[in-house]
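Visitor: how would this look folded up:
(one chain, ligands or ions: 1)
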Amino acid sequence: MLIRTEDSASVADRAAVRAVVTAAFGRTDEADLVEQLRGSEHALTSLVAEADGQIIGHILFSRMWIDTTQRLVSAVALAPLAVLHEHQRKGIGSLLIRHGLELLRERGERIVIVLGHPDYYPRFGFSAEKAKPLQSPFPPEAFMAIELAAGALEGVSGAVVYPPAFGI
Ligand SMILES: CC(C)(COP(=O)(O)OP(=O)(O)OC[C@H]1O[C@@H](n2cnc3c(N)ncnc32)[C@H](O)[C@@H]1OP(=O)(O)O)[C@@H](O)C(=O)NCCC(=O)NCCS
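Guide: Okay, the predicted model is just below:
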């Protein structure tokens, strides 16, 4: 099992990511989102999980912001995350998340935000409590944030702003 950066110039990588994301979600909306973000300036990190030369998982991180009305605070959106059904529950999703968070921390990113299952993301440090001062259209229990730098969310409140590809 290898976690590596997606080669966005590779037709094979792009096709494999589309196939994985479509199969995992059972529809094309999230794969379309990946393609729109990849073609924009907002995609930050796209990672794939590869086993025996085959892509079986994918995660994308993109730029987003928190609008405090005084300034735009940079944050990162984690979305989407996908692992092929036959490879789920083997820790691949966890590896993609942990690897991604580490890369982002190294690059100086301070805040990551996810809309996801409340039973899954807290194990990586995401917290609905931390995201409470952030206004979003999402159910509060599924809207979570993690600080990659201690105190990054202290005193930060305001509406979240997603890149246009999210259609939010
Ligand atoms: C969510 C997903 C990426 C997890 O990938 P994975 O490789 O199976 O995850 P891991 O093996 O690292 O973790 C498995 C654990 O996550 C839990 N889990 C997975 N999906 C979950 C969900 N939707 N809700 C709650 N828990 C979930 C499993 O119960 C398992 O828990 P356990 O370790 O306590 O048994 C994968 O199930 C998937 O692609 N799902 C379809 C697409 C999707 O819903 N993406 C996430 C959007 S937020």
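
Visitor: where do the strands sit along the chain?
Guide: With DSSP state E as the criterion, the chain has strands at 2-5, 43-51, 54-67, 72-83, 111-115, 134-135, 143-147, 158-161.

Visitor: got these as JSON lines, with mean neighbour count columns?
Guide: (Glycine included, C-beta is placed from N, CA and C.) Output for the strands of the chain, formatted as JSON lines (neighbours: other Cβ atoms under 10 Å):
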{"stretch": "strand 2-5", "mean neighbour count": "13"}
{"stretch": "strand 43-51", "mean neighbour count": "20"}
{"stretch": "strand 54-67", "mean neighbour count": "22"}
{"stretch": "strand 72-83", "mean neighbour count": "21"}
{"stretch": "strand 111-115", "mean neighbour count": "23"}
{"stretch": "strand 134-135", "mean neighbour count": "19"}
{"stretch": "strand 143-147", "mean neighbour count": "23"}
{"stretch": "strand 158-161", "mean neighbour count": "17"}
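
Visitor: For the ligand, find the nearest of those strands.
Guide: The closest of the strands of the chain to the ligand is strand 72-83. By Cβ to the nearest ligand atom, the value is 3.8 Å.

Visitor: Switch the strands of the chain over to CSV; also include mean pLDDT.
Guide: Below are the strands of the chain laid out as CSV (pLDDT from 0 to 100):
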stretch, mean pLDDT
strand 2-5, 98
strand 43-51, 98
strand 54-67, 98
strand 72-83, 98
strand 111-115, 98
strand 134-135, 98
strand 143-147, 98
strand 158-161, 98
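
Visitor: Kindly reformat these as a markdown table containing distance to Gly93.
Guide: Listed next are the strands of the chain as a markdown table, based on distance: least, Cβ to Cβ, whole Å:
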| stretch | distance to Gly93 |
| --- | --- |
| strand 2-5 | 11 |
| strand 43-51 | 9 |
| strand 54-67 | 7 |
| strand 72-83 | 5 |
| strand 111-115 | 12 |
| strand 134-135 | 24 |
| strand 143-147 | 15 |
| strand 158-161 | 23 |
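
Visitor: So which residue is smack in the middle of the protein?
Guide: By Cα atoms, centre = their mean, the chain has its centre lying nearest to Leu78, at 1.5 Å.

Visitor: what sits against it?
Guide: Ile59, Leu60, Phe61, Ile97, Gly100, Val112, Ile113, Val114, Gly116 (Cβ atoms under 8 Å, 6 or more residues apart in numbering).

Visitor: Now with 6 Å, please.
Guide: Contact analysis of Leu78 by Cβ atoms under 6 Å, 6 or more residues apart in numbering lists Phe61, Val112, Val114.
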